[in-house]
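Chemist: Here is a sequence with its predicted model. Questions after.
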Amino acid sequence: MNSKVSKYLIRIVLILLGLSVIGVTLYLFLYVFWKGKTVMSLSFILDKPAGVPIGTSGGIFPALMGSLYLGALAALIGGILGIGASAYLVFYHRNKYVSGIVNFAITGLSGIPSILFGLVGYTLLIYGFGISRSLLCASLCVSAMIVPFVAIRARKVFEEKGISYMTNSIGLGLSREYALRKMILPVCFPELLGTIALGMAYGMGAVAPILYTGAVMQAGVPSKLTDPFMSLPYHLYTLVNNGFSLDYAYGTAFVLMLCLVFFAFTTILGWNYYGERCLEYLSNRNMKAGKTYSAVICYLHEKGKLIC
């Protein structure tokens, strides 16, 4: 009797905790939307900031595009570094000292406050190398912040899906590079892309690393990497910190939240559900590629030639 009571009690507690998370998320979205609904319109998204002080009228289009450019470039750089580091730790960790250093570096980066990335970027890139405040400088700082975010998740993906392929490939006499390029990366591609998408959303929402390195109060849509840019989080920070307009601040916050959540979840869900179609597309639209690949893997597993 006591075991049944404790079982149902645990279930009830877990259900309440899950509902509380959903409730807090919905409350946050609804509260921000309700506060900013007076300025929400199509022109608010597509127009440039206007008014005196700047941002008290008009729209947020340059800030929206600047955030997208920043997130995409930072995710590209940080994704390459993070996935490369995780692939080394999972498949090439022959020297335990080097692996320990790489692992320590990733763990150390994940614990550094984001403002320090901006401070080091300003000191090294702008003050040291004389590069102007720009989209490139800000992207490099944000990409350094994204590296541990991507590396930790990519390492988990490789450990769950890639180790068996690498073990069997080495047993068949194939090189590690061939197995990584031809089997592991295609199989892990949907999850890795979802990880990079989360890193992009994480970078788009960062404000501390770009305070000193590229974000400005007013600018157009950047046309090259050396241009300064506007960013949604920095625009929000400016509106609130200077007390310009809370209505426009809440409107900006809602658009930022909507973009991050929509982009991250649609990308992750899309690539998880359509990973096989992605493989077919990468194989020059060969519709049989995904099914043939899956059939071969299932056959090897059934015959005991594939370790899972």
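Modeler: Everything's here; your move.
Chemist: ok, E159 - how many residues close by?
Modeler: Using other Cβ atoms under 10 Å, the number of residues around E159 comes to 13. Glycine gets a C-beta too; all of them are placed from N, C-alpha and C.
Chemist: hang on, it in a helix?
Modeler: Yes. E159: assigned to a helix according to DSSP: H, G, I helix; E, B strand; the rest coil.
Chemist: Who are the packing partners of the lengthiest helix in the chain?
Modeler: Longest helix in the chain by number of residues (criterion: DSSP state H): helix 2-36. Judged by 3 or more Cβ pairs under 8 Å, 6 or more residues apart in numbering; DSSP states H and E, the packing partners of helix 2-36 are helix 246-273.
Chemist: how about the nearest residue to the residue nearest the centre of the chain, chain neighbours excluded?
Modeler: The structure's the chain has its C-alpha centroid closest to G199; by Cα atoms, centre = their mean the separation is 1.4 Å. Closest residue to G199 apart from its sequence neighbours, by Cβ to Cβ, 6 or more residues apart in numbering: I146 at 4.4 Å.
Chemist: secondary structure class for the one you found?
Modeler: Per three-state DSSP, I146 ends up helix.
Chemist: I'd assumed A208 was in contact with G121.
Modeler: No. The criterion here is Cβ atoms under 8 Å, and G121 misses it with A208 at 10.8 Å.
Chemist: Between those two, point out the one with more neighbours.
Modeler: Ranked by neighbour count (other Cβ under 10 Å), G121 and A208 place G121 first, with 27 against 19.
Chemist: how far away is the more buried one from M145?
Modeler: Using Cβ to Cβ, to the nearest Å, we find G121 at a distance of 10 Å from M145.
Chemist: what bits of the stretch 201-308 of the chain have low per-residue confidence?
Modeler: 264, 266-308 (pLDDT under 70).
Chemist: Let me fix that, I meant to ask about the stretch 1-150 of the chain.
Modeler: 1-2.
Chemist: where along it do the strands fall?
Modeler: Secondary structure of the stretch 1-150 of the chain (DSSP state E, counting those that start in this stretch): strands located at 49-50, 57-58.
Chemist: Show me what counts as buried in stretch 100-113.
Modeler: Going by neighbour count (16 or more other Cβ atoms under 10 Å), the buried part of stretch 100-113 is 102-103, 106, 109.
Chemist: quick check, nearest of the residues you listed to R153?
Modeler: Distance to R153 across these (Cβ to Cβ) is lowest for I106, with 11.2 Å.
Chemist: show me what contacts that closest one?
Modeler: For I106, the contact set (Cβ atoms under 8 Å, 6 or more residues apart in numbering) comprises 85, 147-148, 151-152.
Chemist: ok, how many other residues are close to S57?
Modeler: 15.
Chemist: In contact with it, which residues?
Modeler: Taking Cβ under 8 Å, 6+ apart, one finds 49-51, 248 in contact with S57.
Chemist: cool, F265 as well?
Modeler: F265 neighbours (Cβ under 8 Å, 6+ apart): none.
Chemist: In a helix, the residue nearest to the centre of the chain, correct?
Modeler: Yes. Assignment of G199 by three-state DSSP places it within a helix.
Chemist: follow-up on the earlier one: could you name every residue contacting both of G121 and M145?
Modeler: P209.
Chemist: For the closest residue to C141 other than its chain neighbours, give its distance to A206.
Modeler: Spatial nearest neighbour of C141, excluding adjacent residues (Cβ to Cβ, 6+ apart): G121 at 3.7 Å. Distance, G121 to A206, by Cβ to Cβ: 12 Å.
Chemist: What of Y212?
Modeler: Y212 is 13 Å from A206, by Cβ to Cβ.
Chemist: repeat for C259
Modeler: Distance, C259 to A206, using Cβ to Cβ: 14 Å.
Chemist: Which one of those two is surrounded by more residues?
Modeler: Remark: of C259 and A206, A206 carries more neighbours, 24 against 18, as counted by other Cβ under 10 Å.
Chemist: Where does that one sit: helix, strand or coil?
Modeler: In three-state terms, and counting by three-state DSSP, A206 is coil.
Chemist: give me phi/psi at it?
Modeler: Here is the backbone geometry of A206 (degrees, to the nearest 10): phi -80, psi 140.
Chemist: pretty sure it is touching V142, no?
Modeler: Yes. If you go by Cβ under 8 Å, A206 and V142 touch, sitting 5.5 Å apart.
Chemist: My read is that V39 contacts A249, right?
Modeler: No. V39 is not in contact with A249 according to Cβ under 8 Å; the separation is 9.5 Å.
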